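Asks: Whatever this is, show me its structure:
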Amino acid sequence: MMQKLRAREGMTMIEMIGVLGVIAVLSALLIPRVFDVITDSKIDSLATATHTYAIGVTKYYADVGTLLPLDAQGLPQVEGTGSSTVVTSLASRLTLGSTDPLVLSTNLWPKFHGPYLDKFTSALPPAIGTKMFLPTSVPVSLGTLVLSDNIGWDLKGDDGNSDIPTDAHVVFFKLEGIGEEDFLQLDQIVDPLIGMTDAERKLRGRAKWASANDGTLLLYMAHR
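Replies: Prediction:
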């Protein structure tokens, strides 16, 4: 009887080892894929958010007639931080309601019919990253070589040189804390047909990437 019991116990132990082995194999196969799915979901959320920001900028321009944020007197001004903590930044202006006390009746303010975005908080980027900004700036001269950190974009993706007119103003989305692999996934959504190599994808099209600040995305929104 004892011999039979030991035999059954031995078989049970072998079966358990087999089951654990199967679980280990499945875990090794599935866990990386789970993280891939999570990352893909975050990249999709980021792409959706940036599209929403671009729509907000477009609506603001349609109403006010400028891409620059309005100062207290209702005059357009270049504001390079793009931080939501700066009251005169475009990021802050886009979230103002038309009845906000900051919206006055002077100069271009009567054309303002915000809010154009529900929210934009620099310290709370959507899904991925550590900080985000919406600066307005003067670009590099037309035809200047696009670098990872200069204010220029090869929108056509054909020669690596900036396509933005020299006398324009440009609005762009800046996201800090986005790794290279995550950027390349986003780039496939934003610029799917631009760039033959990773090096080209990081510099050409609407989206470009620099290694500073744990990875920085500079995404062109609009220029005028």
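Asks: Beyond the lowest-mean-pLDDT helix or strand in the chain, next helix or strand please.
Replies: Within the chain, no helix or strand scores below helix 2-64, which has a mean of 71 by mean pLDDT, DSSP states H and E. Later in the chain than helix 2-64, the nearest helix or strand by DSSP states H and E is helix 90-94.
Asks: who are the neighbours of that next one, in terms of helices and strands?
Replies: Contact analysis of helix 90-94 by 3 or more Cβ pairs under 8 Å, 6 or more residues apart in numbering; DSSP states H and E lists helix 2-64 as its packing neighbours. C-beta here means a position set from N, CA and C on the backbone, and glycine is covered the same way.
Asks: rerun that using 7 Å as the cut-off
Replies: Secondary-structure packing of helix 90-94 (3 or more Cβ pairs under 7 Å, 6 or more residues apart in numbering; DSSP states H and E): no helix or strand packs against it.
Asks: now it, how far from the centre of its chain.
Replies: For helix 90-94, the separation from the chain centroid amounts to 17 Å (computed by Cα atoms, centre = their mean, to the nearest Å).
Asks: Convert it to PDB, retaining C-alpha atoms only.
Replies: Output for helix 90-94, consisting of C-alpha atoms alone and laid out as PDB, is shown next (Å, rounded to 0.1, in the frame of the first residue of the first chain):
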ATOM      1  CA  LEU A  90      -0.200  79.200 -25.800                       C
ATOM      2  CA  ALA A  91      -0.700  76.100 -23.600                       C
ATOM      3  CA  SER A  92      -2.400  78.200 -21.000                       C
ATOM      4  CA  ARG A  93      -4.400  80.400 -23.400                       C
ATOM      5  CA  LEU A  94      -5.900  77.400 -25.200                       C
END
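Asks: oh, and call the first residue 555 from now on, that's how I've got it
Replies: I'll keep to 555 as the first residue from here, and by that count the last item is helix 644-648.
Asks: List of residues touching it?
Replies: With Cβ atoms under 7 Å, 6 or more residues apart in numbering as the contact definition, helix 644-648 has outside contacts at 610, 614, 623-624, 633, 636-638, 640, 668-671, 674, 676, 687-688, 690, 725.
Asks: try it again with 8 Å
Replies: Helix 644-648 is contacted by residues 610-611, 614, 621-624, 633, 636-640, 668-671, 674, 676, 687-690, 725 when judged by Cβ atoms under 8 Å, 6 or more residues apart in numbering.
Asks: For that helix, give the mean pLDDT please.
Replies: For helix 644-648, the mean per-residue pLDDT is 98.
Asks: mind listing what's buried in the next helix or strand after that helix?
Replies: Per DSSP H and E, helix 644-648 leads on to strand 685-687 as the next helix or strand towards the C-terminus. Buried residues in strand 685-687, counted by 16 or more other Cβ atoms under 10 Å: 685, 686, 687.
Asks: from the contacts of helix 644-648, which would you call buried?
Replies: By the neighbour-count criterion of 16+ other Cβ under 10 Å, the contacts of helix 644-648 include these buried positions: 610-611, 614, 621-624, 633, 636-638, 640, 668-671, 674, 676, 687-690, 725.
Asks: and the buried residues of strand 685-687 as TSV, adding distance to residue 645 and pLDDT?
Replies: Formatted as TSV, the entries for the buried residues of strand 685-687 read as follows, by distance: Cβ to Cβ, whole Å; pLDDT from 0 to 100:
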residue	distance to residue 645	pLDDT
685	11	98
686	8	98
687	7	98
